[in-house]
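> Here is a sequence with its predicted model. Questions after.
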Amino acid sequence: SIRRTAPLPTLLDTYLGIKRHVFARPTIPHMAEEAAKFPAPQIGNNSKGFLHSLRRTGSRHFSALFELPDKEVGWLIPAVVQGLRLNRRENVDVILTTSPPATPAVAGLVLSMITGRPLVTDLRDPFILHAAKSPSQRTLMSDAIERWLERRILYRSARTITTTIQLRDHLLA
């Protein structure tokens with residue numbers, strides 16, 4: 001049975017929305033003129049470079065950790081709630097997930113742990129896709145968390161379906 005759910009905003013989505021709202025440029029002409037009367041303070045080159053670097057590093061960590069396992073993470077809680085309702089109404093036999101994105105596999109893991117139902121994981125591509133992510137979306141910690149999630153999902157899965165022999169061999173290794 002298929003049930004559709006809407007995602008919640010991720011922490012990163014919420015942060016970016018607040019940032020856009022707080023730092024929005026004034027659109028009223030007289031406010032823009034007033035803002036122009038007070039120029040931003042000048043900062044020395046070394047200080048500006050350090051602060052810019054610190055901001056970029058913090059932004060990368062924030063993005064990497066709060067969009068784990070992927071940008072679809074806002075769907076995780078609604079999917080688990082809907083899965084629990086479905087299990088209660090229809091008493092499902094097996095939880096089947098297909099990935100990527102990785103969030104459905106994590107939802108399946110959580111549902112399997114809560115309900116005790118067997119998990120079958122269909123991997124069309126490797127679960128860990130951090131090699132394909134841009135460096136701005138990765139940290140050592142986010143990579144470690146992805147590897148841990150992959151191991152937990154594979155360990156919990158009663159069966160794992162792969163699309164290629166190479167992927168099967170990679171997962172077995």
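That came in fine, so what should we check first?

> give me the low-pLDDT residue ranges for this protein?
When residues are selected by pLDDT under 70, those of the chain lie in 1-2, 11-13, 15-16, 19, 23-65, 127-136.

> Helices of that one, residue ranges please.
For the chain, the helices defined by DSSP state H cover 11-22, 29-36, 45-66, 76-90, 103-115, 140-156, 165-172.

> Any buried residues in the fourth one, and which?
When burial is assessed from 16 or more other Cβ atoms under 10 Å, helix 76-90 yields the following buried residues: 76, 78-80, 82-83, 86-87. For glycine as for every other residue, the C-beta is placed from the backbone atoms N, C-alpha and C.

> got the buried residues for stretch 152-167?
Within stretch 152-167, the residues that count as buried by 16+ other Cβ under 10 Å are 153-154, 156-157, 160, 162, 167.

> which residues touch the residue lying closest to T103 once chain neighbours are set aside?
Among residues not flanking T103 along the chain, E72 sits closest, at 4.2 Å (Cβ to Cβ, 6 or more residues apart in numbering). Applying Cβ atoms under 8 Å, 6 or more residues apart in numbering, we find E72 in contact with 7, 101-103.

> Let me have those in CSV, adding neighbour count and distance to S142 as columns.
Putting these into CSV (neighbours: other Cβ atoms under 10 Å; distance: Cβ to Cβ, whole Å) gives the following:
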residue, neighbour count, distance to S142
P7, 16, 20
P101, 17, 15
A102, 24, 12
T103, 22, 14
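
> Out of those, flag the one nearest to R138.
Of all these, A102 has the smallest distance to R138: 14.0 Å, by Cβ to Cβ.

> doesn't R147 make contact with that closest one?
No - between A102 and R147 there is no contact under Cβ atoms under 8 Å: 11.8 Å.

> Identify the contacts common to the two.
Residues touching both A102 and R147 (Cβ under 8 Å, 6+ apart): there are none.

> coming back round to it: just name the closest of the contacts of E72 to T121, please.
A102 (10.4 Å).

> State the distance from the nearest residue to P126 once chain neighbours are set aside to D93.
Closest residue in space to P126, ignoring its immediate chain neighbours: L167 at 6.2 Å, by Cβ to Cβ, 6+ apart. From L167 over to D93 the distance is 26 Å, taken as Cβ to Cβ, to the nearest Å.

> OK, contacts around the residue nearest to P126?
If a contact means Cβ under 8 Å, 6+ apart, then L167 has 123, 125-126 as its contacts.
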